[in-house]
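Q: fold the following.
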Amino acid sequence: MQPTTLFYIFITIIVISFIIDKILDTLNTKHFDDAIPAKLTDVYDEVAYKKSQAYKKENAKFSNLTSIFSILLTLIFFFADGFKHVDNFARSFTNHPILVALIFFGIIMLGSDLLTTPFSYYKTFVIEEKFGFNKSTKKLFWLDKLKGWLMSIILGGVILSLIIWFYQIAGENFWLYAWVLIAVFSLFMNLFYAKLIVPLFNKQTPLEEGELKSAIEKYAKKVGFTINNIFVIDGSKRSTKANAYFSGFGSQKRITLFDTLINDLETDEIVAVLAHEVGHYKRKHIIFNLASSILLVGFTLFILSLFINSSILSEALSVSIPSFHIGFIAFGILYSPISEITGIFMNYISRVFEYQADNFAKETFAVQPLITSLKKLSKNSLSNLTPHKAYVFMHYSHPTLLERIENLEK
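A: Residues are numbered from 1 along each chain as shown. Reported below is the predicted structural model:
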């Protein structure tokens, strides 16, 4: 295959992916004004539903703008031999392969982030502010951005350096060492993310003694779920949207409640939400997701090892010196259709798991508090109650609110 042919395969993959996304977005947008399903008529009153429709439409317009900007910038970068220029710039400082790769990816990621930051800023301080969701300050926004950059530099830099080092010493077999590294890192982060990373962005405090904690402990004892760590996170300093999540396993497992969740829901509704999260743990969903993600990483790295030595990947991007980082970029584009397929499959599995966790909460606690909590959370986040089925199939990791309620009422 000629490098020019491969280059246009890259462009075709990028353009087709964009077109598919736009078709799905358009289909979904056409359902924004649909009537609320009969089972969900109590979620919104007329005023709130109009507000939710306005929120969906404004987000859709903004998403179109950002995606068009992104693909135009991407195509310009490709046709202007952007990767060649960045690679040459990195090599003007050093010839060390690891340092060249770090400079190369640093420029690509920082440049991309700087270009998209105005959109993120507008989304937070204009759209989210307009509809009453934003609680963040400009200072907090930029602090979050700075912390994110520092984390990417430290964690991303170390992992990338080790992978390239493995490639230098092991050749095509580097993928085995890289797989072990990423597996260990994933396991470590799953266990200690809440202790090490979350505190950099949010304050976590143990849930105070009282009615809610007693109700949670009573439920946990009933289902044989040992839990010593129940924390409240100050999510309200950024947004009014509510959430709860379960992290870790074994002695490191913990439940985290957003303070907004505690403010929005009644005690039995919060326990019902937690029963759903406990259902994920009891049904081994956390272990499955961790194991499957590690297996997918291993598969991807193995496929990468088959292509990484091919000079045509670099030539297709007009880079004269073959390297790991250029091969990695080119492979990422070629692999993206497979990644999209595995993503669809994992979303399907995730939706199945959500049904199972809902059923667990229904069987071990109560169905009505879970239904009312789901409705309240949907109302408070102005959720889309009438998404297109194709959009759900491609993008949703959770069933729609209507599907979850119909399942719970069986």
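
Q: can you pull the contacts of residue 181?
A: Neighbouring residues of residue 181 by CB atoms under 8 Å, 6 or more residues apart in numbering: 159, 162-163, 166. In this view, the C-beta of every residue, glycine as well, is placed from N, C-alpha and C.

Q: from those, which ones fall inside helices?
A: Counted as lying in helices by DSSP state H, out of the contacts of residue 181, are 159, 162-163, 166.

Q: including distance to residue 368, pLDDT and neighbour count, could those residues go into a markdown table?
A: As requested, the ones in helices among the contacts of residue 181 are exported to a markdown table (distance: CB to CB, whole Å; pLDDT from 0 to 100; neighbours: other CB atoms under 10 Å):
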| residue | distance to residue 368 | pLDDT | neighbour count |
| --- | --- | --- | --- |
| 159 | 46 | 95 | 14 |
| 162 | 51 | 96 | 17 |
| 163 | 50 | 96 | 23 |
| 166 | 54 | 96 | 20 |
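
Q: and which of those is nearest residue 26?
A: For the ones in helices among the contacts of residue 181, the closest approach to residue 26 (CB to CB) belongs to residue 159, at 38.1 Å.

Q: which pair of the ones in helices among the contacts of residue 181 spans the longest distance?
A: Checking these with CB to CB, the most distant pair is 159 and 166, at 10.7 Å.

Q: quick one on the thing from earlier: out of the contacts of residue 181, who's nearest residue 224?
A: When the contacts of residue 181 are compared for distance to residue 224, the smallest value, 37.7 Å, is given by residue 159; criterion: CB to CB.

Q: the closest one: what's it in contact with?
A: By CB under 8 Å, 6+ apart, the neighbours of residue 159 are 181-182, 185.

Q: strands - which of those residues land there?
A: Among the contacts of residue 159, no member is found in strands (DSSP state E).

Q: determine how far the last residue of stretch 73-84 lies from the first.
A: End-to-end distance of stretch 73-84: 16 Å, with CA to CA, to the nearest Å as the criterion.

Q: mind listing what's buried in that stretch?
A: Of the residues in stretch 73-84, 74, 77-78, 82-84 count as buried by neighbour count, 16 or more other CB atoms under 10 Å.

Q: could you export those as CSV, including distance to residue 150, pLDDT and secondary structure?
A: CSV is the format used below for those (distance: CB to CB, whole Å; pLDDT from 0 to 100; DSSP: H, G, I helix; E, B strand; the rest coil):
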residue, distance to residue 150, pLDDT, secondary structure
74, 26, 95, helix
77, 26, 96, helix
78, 30, 96, helix
82, 25, 95, helix
83, 25, 95, helix
84, 29, 95, helix
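
Q: a strand runs through residue 205, doesn't it?
A: Yes. Per DSSP: H, G, I helix; E, B strand; the rest coil, residue 205 lies within a strand segment.

Q: returning to what we had before: so which of the contacts of residue 181 is the closest to residue 367?
A: For the contacts of residue 181, the closest approach to residue 367 (CB to CB) belongs to residue 159, at 44.0 Å.

Q: distance of that closest one relative to residue 198?
A: Using CB to CB, to the nearest Å, residue 159 is found at 20 Å from residue 198.

Q: so where do the strands sit in the stretch 201-350 of the chain?
A: Assigned strands in the stretch 201-350 of the chain, in chain order: 204-206, 230-233, 244-247, 254-258 (criterion: DSSP state E, counting those that start in this stretch).

Q: of these, which is nearest residue 360?
A: Using CB to CB and comparing the strands of the stretch 201-350 of the chain, the one that lies nearest residue 360 is strand 244-247, at 12.4 Å.

Q: got a list of what residue 6 touches?
A: Taking CB under 8 Å, 6+ apart as the contact definition, residue 6 lies against 312-313, 315-316, 330.

Q: how about these, which pair is most distant?
A: Across the contacts of residue 6, the two members that end up farthest from each other (CB to CB) are 315 and 330, 9.5 Å apart.

Q: so between these two, which is more surrounded?
A: Neighbour count, other CB atoms under 10 Å: between residue 315 and residue 330, residue 330 has more, with 24 against 18.

Q: any idea how far residue 319 is from that one?
A: According to CB to CB, residue 330 and residue 319 sit 9 Å apart.

Q: residue 24: neighbour count?
A: Residues near residue 24, counting by other CB under 10 Å, number 17.

Q: within the helices and strands, which one has it?
A: With elements delineated by DSSP states H and E, residue 24 resides in helix 3-29, which encompasses its position.

Q: got the buried residues for that helix?
A: Counting neighbours by 16+ other CB under 10 Å, the buried set in helix 3-29 is 6-7, 10, 13-14, 18, 21, 24-25, 28-29.

Q: let me have the residues you listed in JSON lines, adding distance to residue 122 as columns.
A: Written out in JSON lines, the entries for the buried residues of helix 3-29 read as follows (distance: CB to CB, whole Å):
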{"residue": "6", "distance to residue 122": "37"}
{"residue": "7", "distance to residue 122": "34"}
{"residue": "10", "distance to residue 122": "30"}
{"residue": "13", "distance to residue 122": "29"}
{"residue": "14", "distance to residue 122": "25"}
{"residue": "18", "distance to residue 122": "21"}
{"residue": "21", "distance to residue 122": "20"}
{"residue": "24", "distance to residue 122": "23"}
{"residue": "25", "distance to residue 122": "19"}
{"residue": "28", "distance to residue 122": "21"}
{"residue": "29", "distance to residue 122": "20"}
